[in-house]
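Undergrad: sequence? don't have it. structure:
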């Protein structure tokens, strides 16, 4: 579905991403992991063309993304970014309706049909009961679900998530990722998520892409990527890796320096 | 479920238009020559139909040639400043932004001061035309320096505007320091915002710009909602942000330029009207822009009426009234409504 062909990107002098190539199939749940500054967020921004790579190209269902206009992209790829600043807070419903924007073209108002789609999206993410509340009165977990509803209102094929579980407690992390997993399994949505939480990624994702210094260090199922050698080499710290007692997926434990 | 419909916007706009008409009617009956409200209405309607039936010649002149044009001008300026203030607050994502934040007002002021010093102020078109030109030149300069590699970075543009503004202030100070006494009075009043020297024909200069600016901005009102949560957010929702920014900044600047050229630098309107409307109707620009325009018009007409009658026969600069009225009113709104929703 998405083919990334040897893209390189730099903001100024230094390359932030170098010759990154990978493919994502329809219905996959992929996590991009790597240390701070390894290029995860930049890669996501390139995938929805906020940034254009200086080299290489990205094909979305065999069409070069260069040839797609902004609204086209937004109809197919929805983004749930890190917390956005709310200057003049809108209500939950108003926020979710904004997801209809790429379909509205030059019309100024949403239609009844748009409202129906927004309602269904709010039902899915269980935010319908507080649809009239202003966004700044919600908890972090509720706000995240509203932004997922907004993404669903875009009726996309792909959802990009940037550090979706940062700032959430474990209960809301699980809640949130279960919701994402349901969307992935039951509705066939392709999910690409940038995350620091390797245990989460290992537990939920089909495939991991491990970045180091703007290059792909390793890519594959969690069992192949999360190994002691890979993690210690990329992150430069000692870790212990065993298996999650229930799922059997690789699990990382941290160790203090010089201890044990 | 509450969704913003054209019908809702239209209903509120009609209601606010009725308020505006009422304010205009009240405004033109008040003054040194009192014309009773009913007779004013009769004079207005009959003249609209091209008849001369009602009132004396003097009353007709005062109403139709003096007070009505002045009220219309004040209404246009109030609407313009409110709309451009709302747009700048959204584009810069800064609640403290006002129509003058990009230094456009400084350019208008320099144009006006030069016109006054050259004695052009006595010609009917001289003053507004000179200040409009000054504002336009400033817009060009600010946008030339405020853009980087073809893109608008709000902070760069803001800095370019503020610095251009301070440079222009220096010019104004210089002109003030070399001006003569009788010119000084005119200059100071212009800088405070004042309709007493404005010419009715200024309506025809500024009307097209404010109307066109309003219309084109309104077409983008839904997209302005999206940019409130950041430019990346708007891109994610399919907005061509660079095009939106360039057009909106230019339109808001043009509206500001047209507004100030008619009457000088009236402060506060562009700040408090958009915020008041947000407190009452919420932040959605599809409702905010027309409501701010209509309420801003009413507010400035009312302020100007007070400015010319409060200490009659002495006229106060209208800027004195907008600040004196607007400040406490805004504090009241802040205290009674939830502050967090706007700031």
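TA: Cool, got the structure. Source: prediction; values computed, not measured.
Undergrad: so what's residue A:141 up against?
TA: Counting by CB atoms under 8 Å, 6 or more residues apart in numbering or on different chains, residue A:141 touches A:168, A:169, A:171, A:172, A:175, A:176. Where C-beta positions appear, they are placed from N, C-alpha and C, glycine not excepted.
Undergrad: Quickly find the element holding the fifth one.
TA: In this structure, residue A:175 sits in helix A:170-187 according to DSSP states H and E.
Undergrad: Toward the C-terminus from that helix, list the very next helix or strand.
TA: As assigned by DSSP H and E, the chain's next helix or strand after helix A:170-187 is strand A:190-194.
Undergrad: shaky segments in chain A?
TA: A:84-85, A:258-260 (pLDDT under 70).
Undergrad: can we see that at 80?
TA: Confidence mapping of chain A against pLDDT under 80 gives the ranges A:83-88, A:257-260.
Undergrad: Quick check: which element contains the residue in the stretch 101-250 of chain A that chain B sits nearest to?
TA: Ranking the residues of the stretch 101-250 of chain A by distance to chain B (CB to the nearest CB) places residue A:102 first, at 3.4 Å. Element membership for residue A:102 (DSSP H and E) is helix A:101-104.
Undergrad: So which elements touch that helix?
TA: Contact here means 3 or more CB pairs under 8 Å, 6 or more residues apart in numbering or on different chains; DSSP states H and E; on that basis helix A:101-104 packs against helix A:70-76, helix B:221-227.
Undergrad: tell me the contacts of the residue positioned nearest the centre of chain A?
TA: Chain A has residue A:161 as the residue nearest its centroid, 1.7 Å off, counting by CA atoms, centre = their mean. Residue A:161 sits next to A:80, A:180, A:191, A:192, A:193, A:194, A:195 when contact means CB under 8 Å, 6+ apart.
Undergrad: Where does pLDDT dip in the stretch 101-250 of chain B?
TA: Judged by pLDDT under 80, the stretches of the stretch 101-250 of chain B that qualify are B:120-126, B:149-150, B:196-201.
Undergrad: related to what we said a few turns ago, quick one: the helix or strand following the helix holding residue A:102 near chain B?
TA: Heading C-terminal from helix A:101-104, the first helix or strand you meet, by DSSP H and E, is helix A:112-124. Yes. Helix A:112-124 is in contact with chain B by CB under 8 Å from any CB of the partner chain, via A:115, A:119.
Undergrad: and helix A:112-124, which residues are buried?
TA: Judged by neighbour count (16 or more other CB atoms under 10 Å in any protein chain shown), helix A:112-124 contains these buried residues: A:114, A:115, A:117, A:118, A:119, A:121, A:122, A:124.
Undergrad: pretty sure residue B:3 contacts residue A:113?
TA: No. Contact criterion CB atoms under 8 Å: residue B:3 and residue A:113 do not qualify, at 11.5 Å.
Undergrad: what's the offset of the helix or strand that contains residue A:234 from the middle of its chain?
TA: Residue A:234 belongs to helix A:228-235 when assigned by DSSP H and E. Offset of helix A:228-235 from its chain centre (CA atoms, centre = their mean, to the nearest Å): 23 Å.
Undergrad: count of residues packed around the closest residue to chain B within the stretch 1-150 of chain A?
TA: Nearest to chain B, among the residues of the stretch 1-150 of chain A, is residue A:74, at 3.0 Å (CB to the nearest CB). Using other CB atoms under 10 Å in any protein chain shown, residue A:74 has 25 other residues around it.
Undergrad: tell me which element the closest residue to it other than its chain neighbours falls in.
TA: Excluding the flanking residues, the one nearest residue A:74 by CB to CB, 6 or more residues apart in numbering or on different chains is residue B:238, at 3.0 Å. Using DSSP H and E, residue B:238 is not contained in any helix or strand.
Undergrad: Report how many residues lie close to residue B:238.
TA: Neighbour number of residue B:238 under other CB under 10 Å is 24.
Undergrad: burial count for residue B:306?
TA: Residue B:306 is flanked by 19 other residues according to other CB under 10 Å.
Undergrad: for residue B:11, that is, sorry about that
TA: 11.
Undergrad: what mean pLDDT does the helix or strand harbouring it have?
TA: Applying DSSP H and E as the criterion places residue B:11 in helix B:6-29. Mean per-residue pLDDT for helix B:6-29: 95.
Undergrad: Mind giving me the packing neighbours of it?
TA: The contact analysis (3+ CB pairs under 8 Å, 6+ apart) places helix B:6-29 against helix B:37-48, helix B:68-91, helix B:285-309.
Undergrad: how far away is the residue of the stretch 101-250 of chain A closest to chain B from residue A:68?
TA: Distance, residue A:102 to residue A:68, by CB to CB, to the nearest Å: 11 Å.
Undergrad: And residue A:140, by the same measure?
TA: Going from residue A:140 to residue A:68 by CB to CB gives 33 Å.
Undergrad: For the two, indicate the residue with more neighbours.
TA: Neighbour tally, residue A:140 and residue A:68, criterion other CB under 10 Å: the higher count belongs to residue A:68, 17 against 12.
Undergrad: Which residue is the nearest non-sequential neighbour of the more buried one?
TA: residue A:60 (6.8 Å).
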